[in-house]
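Undergrad: Here is my input, please return the structure:
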Amino acid sequence: MKHTWRWFGPADIVSISDIEQAGAHGVVSALHHIPSGHIWPEDEISKRIQEIGTRPDGTASALTWDVVESLPVSEDIKRRDGNWQQHIANYKSSLRNLSRAGLKVICYNFMPVLDWTRTDLAWRLPNGSTCMRFDHIDFAVFDLLILKRPGAEADFDAATQTLAQNRFAAMSDSEKDALTANIIKGLPGANQTLTFATFKDHLDSYRGVSAADLKANLFAFLNEIIPVAEDLGLRLCCHPDDPPFGLLGLPRIMSTEADYKQLVDALDSTANGITLCSGSLGVHPENDLAGMMRRLGHRVHFLHLRNVRREGEAFPGSFHEAAHLEGNTDMVALIQAVLEEERARKESGRPDHQIPMRPDHGHQIGDDFRRTAQPGYPYVGRLRGLAELRGIEAALTGLNGHGGEIA
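TA: You can find the predicted model right below:
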């Protein structure tokens, strides 16, 4: 695997030198300041490449921009209304500009309105560290009693509704405000946060859009985009829903292995691929991550390695971000499957035999409490995660100091 690190640009509290010292060899980044649906200009792409290649002291870094995460798909494209045709044309232009700059791997998602959704961005664990958490009852409080979404009652059983009502009655106004802010946080690194009013407007714009409609819109988008990506030698990779179940009446279409099998079968092209996020997919108890890697690994272009702990048998239900080696996903088995796929690619002569991976999310630990990072993206917590993942890879490949190198 090629070990990479997500970087939100010059405003990120983690510097390029920090990333190098953490042991990463590449960077995952995006132009978060450019609004969704607009073209990414060549000069802005070149500027980001230069920023990644320069340490704070002005000397050259050894890092390269290896993965674009994400080139966002606008809500108009997802709904296939409004300015969707112009946005698709702009998306193609952005792909061409990225290709001219040497970028090859482009991550995107097709989640309506929200990216990942959590109810608590700093939930305290028994050892004093904090992590992100999704509390099913808190989410019911928001949906039923704060948002008051029409029809929300159909999504929660009677017991959950009673628990939500009791919890809502005990919450202070500040607790309700914090819960709302956490849920509508928006995209990591984005230059805007949704207000409650605009959030409701976005939800309203999806009324009547079914999962079948959204999936049809995804495939229609890919039918236009993938031929361009293929001609440019790009590898697009779709990120799964996070969490992998329906929320707020919004359709979810990329939550299971079956969803991804349908995706790759729909367009038989190397340009049409998968971002395998072990955290997002790991919330769904039916997803076998190592098995999925073995069955669909030929289309996996990017890896997010993180772990989650489901807090009960109910699905959908509560879960929290676990340490990388401590959740429901068998990380050793998954990395073994990744290494097998990489070996097969190398033997067959595929130029993309080394799959970029980044340690996704992380607990807030140690010095992280003296920094203000993007939720889920502390420095020390991710450094620990990368070290643990590198250790697994070293053990499985026998790189134990006898001349081998992990990259």
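
Undergrad: tell me the SS of Leu121?
TA: Three-state assignment for Leu121 (DSSP: H, G, I helix; E, B strand; the rest coil): strand.

Undergrad: quick check, Lys346 in a helix?
TA: Yes. Lys346: assigned to a helix according to three-state DSSP.

Undergrad: pretty sure Glu224 belongs to a helix, no?
TA: Yes. The assignment for Glu224 by three-state DSSP puts it in a helix.

Undergrad: Please report how far it lies from Pro56.
TA: For Glu224, the distance to Pro56 (Cβ to Cβ, to the nearest Å) stands at 41 Å. In short, each C-beta sits where N, CA and C put it, glycine included.

Undergrad: which intervals of the stretch 301-407 of the chain have sub-threshold pLDDT?
TA: For the stretch 301-407 of the chain, applying pLDDT under 70 flags the ranges 399-407.

Undergrad: one step back: between Glu224 and Pro56, who's got more neighbours?
TA: A side-by-side neighbour count of Glu224 and Pro56, using other Cβ atoms under 10 Å, places Glu224 first with 14 against 11.

Undergrad: Who are the contact partners of the closest residue to that one other than its chain neighbours?
TA: Using Cβ to Cβ, 6 or more residues apart in numbering and skipping the chain neighbours, the partner closest in space to Glu224 is Ile88 (5.6 Å). The neighbours of Ile88, taking Cβ atoms under 8 Å, 6 or more residues apart in numbering as the test, are Ile77, Phe221, Glu224, Ile225.

Undergrad: Just give me the closest of those residues to Ile45.
TA: When those are ranked by distance to Ile45 (Cβ to Cβ), Ile225 comes first, at 17.9 Å.

Undergrad: which residues does that closest one contact?
TA: Counting by Cβ under 8 Å, 6+ apart, Ile225 has contacts Ile88, Tyr91, Lys92, Leu95, Leu236.

Undergrad: which pair in the residues you listed spans the largest distance?
TA: Ile88 and Leu236 (13.5 Å).

Undergrad: For Leu303, pull up the helix or strand it's in.
TA: strand 300-305 (DSSP states H and E).

Undergrad: gap between that strand and the chain center?
TA: Centre-to-centre, strand 300-305 and its host chain are 10 Å apart (Cα atoms, centre = their mean, to the nearest Å).

Undergrad: Each with direction, which strands does it pair with?
TA: strand 272-277 (parallel), strand 356-359 (parallel) (DSSP bridges).

Undergrad: got the ones you listed as JSON lines, with distance to Leu145 and mean neighbour count columns?
TA: What follows is those, written out as JSON lines (distance: least, Cβ to Cβ, whole Å; neighbours: other Cβ atoms under 10 Å):
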{"stretch": "strand 272-277", "distance to Leu145": "31", "mean neighbour count": "26"}
{"stretch": "strand 356-359", "distance to Leu145": "36", "mean neighbour count": "26"}
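
Undergrad: and these as JSON lines, adding distance to Pro243?
TA: Listed next are these as JSON lines, based on distance: least, Cβ to Cβ, whole Å:
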{"stretch": "strand 272-277", "distance to Pro243": "11"}
{"stretch": "strand 356-359", "distance to Pro243": "20"}
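
Undergrad: Can you say which of those strands is nearest to Asp367?
TA: strand 356-359 (16.9 Å).

Undergrad: and the helix or strand just after that closest one, what other elements does it pack with?
TA: Using DSSP H and E, the helix or strand that follows strand 356-359 in sequence is helix 379-397. Judged by 3 or more Cβ pairs under 8 Å, 6 or more residues apart in numbering; DSSP states H and E, helix 379-397 is in contact with strand 2-6, helix 16-22, helix 331-348, strand 356-359.

Undergrad: Could you rerun that using 7 Å?
TA: Packing contacts for helix 379-397, counted by 3 or more Cβ pairs under 7 Å, 6 or more residues apart in numbering; DSSP states H and E, involve helix 16-22, helix 331-348, strand 356-359.

Undergrad: Phe196: which of those is closest?
TA: strand 356-359 (31.9 Å).

Undergrad: residues in contact with the closest one?
TA: Strand 356-359 is touched from outside by 1-6, 26, 28, 66-67, 105, 302-306, 324, 382, 385-386, 389, with contacts defined as Cβ atoms under 7 Å, 6 or more residues apart in numbering.
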